[in-house]
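Colleague: Have a look; sequence and predicted model below, questions after that.
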Number of protein chains: 2
Amino acid sequence: MEIIRSVPEMRRASAGFAGKGRVVGIVPTMGYLHDGHVSLIRHARSTSDVVITTIFVNPAQFGPSEDFDRYPRDFERDERTARDAGTDILFAPGREEMYPEDYRTFVVTEGVSTILEGEFRPTHFRGVTTVVAKLLNITRPEKAMFGQKDAQQAFIVQRMVRDLNFDTEVVVRPIVREADGIAMSSRNAYLSKDERGRATVLYASLQYAARSVAAGERDTKKIASEMRSMVNTGRPEQIDYISFIDPERFAIVSELPRPSVLVALAVRFGRTRLIDNIMIDIP
Amino acid sequence: MEIIRSVPEMRRASAGFAGKGRVVGIVPTMGYLHDGHVSLIRHARSTSDVVITTIFVNPAQFGPSEDFDRYPRDFERDERTARDAGTDILFAPGREEMYPEDYRTFVVTEGVSTILEGEFRPTHFRGVTTVVAKLLNITRPEKAMFGQKDAQQAFIVQRMVRDLNFDTEVVVRPIVREADGIAMSSRNAYLSKDERGRATVLYASLQYAARSVAAGERDTKKIASEMRSMVNTGRPEQIDYISFIDPERFAIVSELPRPSVLVALAVRFGRTRLIDNIMIDIP
């Protein structure tokens, strides 16, 4: 595995792969890699000739009061994890390399960026679409892997890629969970042991929603209200949202859409904000 | 010369050129081609293996009260002009092809987009950077040609290309003028014969600024005031601005910057808004 830290060097390497007709797959991450990332890297490994994992804690997607400074970082461990999962190139540019002082350009996907996560993190998706556009131009991959845990991000990146005519297929892979059901996330590292235990109510409430729909319940208010009660048993700091979404257009719905509904939530335990979701087929 | 109207077809053609290592140069235009465009196409011809001229009257760069509907169009004449100047592929996508109904993504270069043209045309540069980003992704050119007549546009496109890491060199070529000094522009077609005659004061005033600086004048207020008097002899509807700009960072200045200054103006004659500029070395 080669480690590249400069944009021009990464660009040269990518041009070389394109020249040889080799299929490039990238896995854009903010590092502190977990099994969710590993599953993305492995999928890239099995579907591409060259696997590029990127590690960049992107300041543009953090709000001024958010956790950019304390976001967990462990480059040595990430290096081993990325290599073991099958990465060919670990691209880890510095902040100045990506955002020079007179940096001014941002990519915005309107509408869908202002609901749910976008309501609580107003400039978050602007930061995501901007850095992904940059990474796609630097690495020019045939495929880019994203996790379904960040479902709204995955939708917005797909839309951005389609709208701006990037020649990249966005591949969205399933959520990987811990044994107790908690969705893998670098931010899980923030949780105290107690918070960690209480946070298991999130996936439990999503599973409840799935069972409830499977059993014929169609009243979203009723399901959401029951979910809220379940989540509250975990004594969260705050429930930011529990929402039903039509995954085709990523719009919040009050009636269950066909053929499937995405149920997504964001909940704070202590200072830590967790998100999770489940896709439910409507029978 | 081949005419391509679909994005996937253009993309396939571009991928073919890249595969063969052929250098692609594009000339993005809104059509109604004039000798300014011809000089860009010829420059692309002399520096690239494949010349792509694009014609797309981009709705995103027109304001709601602007001239999108009456913008001059003459595809048959453009076809001949583009071919004669050395175009290999004329890419002329339809509006729906470029902006499907649920289109949502925009590219914005902040700061420099809100002064001068951006002050009078608030969403103009957002439309320009968005369509250029799309065209660069569709055609993946080594070089993209822009005219110095739209100096602010050229600066913003260069900044956008650098910021988003597009692997394209933005080439800015000199203004081409009519015999009487008027800068070539598709919008000149709007001018009545009388307005056309009066509009010659624009270049005359820019030449005055150049002579004045060459003669040792350093007071920008004095130069601007004299220019304003000259332009007013042409009985314009309105002078939007006459500004001195540091071309290195495209900022309005009150003191002459070294090593050169850009003097830019926007003036309306009847319903027609004309822009022009001159680059002056400071001795």
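Modeller: Noted; the coordinates are in hand.

Colleague: Quick check on the closest residue to chain B within the stretch 1-150 of chain A: phi, psi?
Modeller: Here the stretch 1-150 of chain A gets closest to chain B at one residue, residue A:105, 3.5 Å apart by C-beta to the nearest C-beta. Heads up, the C-betas are built off the backbone N, CA and C, glycines and all. Residue A:105 adopts backbone torsions of phi -100, psi 130, taken as degrees, to the nearest 10.

Colleague: The residue in the stretch 151-283 of chain A that chain B sits nearest to: how many residues sit nearby?
Modeller: Taking C-beta to the nearest C-beta, chain B has its nearest neighbour within the stretch 151-283 of chain A at residue A:163, 3.5 Å off. As a burial measure, residue A:163 scores 24 neighbours (other C-beta atoms under 10 Å in any protein chain shown).

Colleague: what sits against the nearest residue to it once chain neighbours are set aside?
Modeller: Distance criterion C-beta to C-beta, 6 or more residues apart in numbering or on different chains; nearest residue to residue A:163, sequence neighbours excluded, is residue B:105 at 3.5 Å. Contacts for residue B:105 (C-beta atoms under 8 Å, 6 or more residues apart in numbering or on different chains) come out as A:107-110, A:129, A:159-160, A:163-164, B:130.

Colleague: Then residue A:30?
Modeller: The contact partners of residue A:30, by C-beta under 8 Å, 6+ apart, come to A:55-58, A:71, A:186.

Colleague: Format these as a markdown table; extra columns: secondary structure, pLDDT and distance to residue B:16.
Modeller: Shown next, in a markdown table, are these (DSSP: H, G, I helix; E, B strand; the rest coil; pLDDT from 0 to 100; distance: C-beta to C-beta, whole Å):
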| residue | secondary structure | pLDDT | distance to residue B:16 |
| --- | --- | --- | --- |
| A:55 | strand | 98 | 34 |
| A:56 | coil | 98 | 33 |
| A:57 | coil | 97 | 38 |
| A:58 | coil | 97 | 34 |
| A:71 | coil | 96 | 43 |
| A:186 | helix | 95 | 41 |
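
Colleague: okay, the residues you listed in CSV with distance to residue A:38 next?
Modeller: Converted to CSV, the contacts of residue A:30 look like this (distance: C-beta to C-beta, whole Å):
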residue, distance to residue A:38
A:55, 14
A:56, 18
A:57, 19
A:58, 20
A:71, 19
A:186, 13
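
Colleague: What's the end-to-end length of stretch A:265-274?
Modeller: The first residue of stretch A:265-274 is 8 Å away from its last residue (C-alpha to C-alpha, to the nearest Å).

Colleague: Show me which residues of it are buried.
Modeller: Within stretch A:265-274, the residues that qualify as buried are A:265-267, A:269, A:272-274, counting by 16 or more other C-beta atoms under 10 Å in any protein chain shown.

Colleague: Run the angle between the top helix by length along chain A and helix B:124-139 for me.
Modeller: The longest helix of chain A (DSSP state H) is helix A:124-139. Angle of helix A:124-139 versus helix B:124-139, following axes from the mean of the first three to the mean of the last three C-alpha atoms, to 10 degrees, is 40 degrees.

Colleague: Test my guess that residue A:59 contacts residue A:96.
Modeller: No: Residue A:59 sits out of contact with residue A:96 when judged by C-beta atoms under 8 Å, with a separation of 11.0 Å.

Colleague: These two - which one has more neighbours?
Modeller: residue A:59 (15 against 9).

Colleague: gap between that one and residue A:99?
Modeller: To residue A:99, residue A:59 is 7 Å away according to C-beta to C-beta, to the nearest Å.

Colleague: picking up where we left off before, which of the contacts of residue B:105 lies closest to residue A:211?
Modeller: residue A:159 (31.2 Å; C-beta to C-beta).

Colleague: Grab the nearest non-local neighbour of the closest one.
Modeller: Nearest residue to residue A:159 in three dimensions, chain neighbours excluded: residue A:109, at 5.3 Å (C-beta to C-beta, 6+ apart).

Colleague: now that neighbour, which residues is it bridged with?
Modeller: Counting by DSSP bridges, residue A:109 is bridged to residue B:105.

Colleague: can you list the residues of chain A near chain B?
Modeller: Contact residues (C-beta under 8 Å from any C-beta of the partner chain) of chain A with chain B: A:7, A:11, A:15, A:18-19, A:21, A:102-112, A:129-130, A:133-134, A:137-138, A:140, A:159-160, A:163-167, A:249.

Colleague: secondary structure class for the most centrally placed residue in chain A?
Modeller: Residue closest to the mean C-alpha point of chain A, counted by C-alpha atoms, centre = their mean, is residue A:150 at 3.4 Å. Secondary structure, DSSP: H, G, I helix; E, B strand; the rest coil: residue A:150 is helix.
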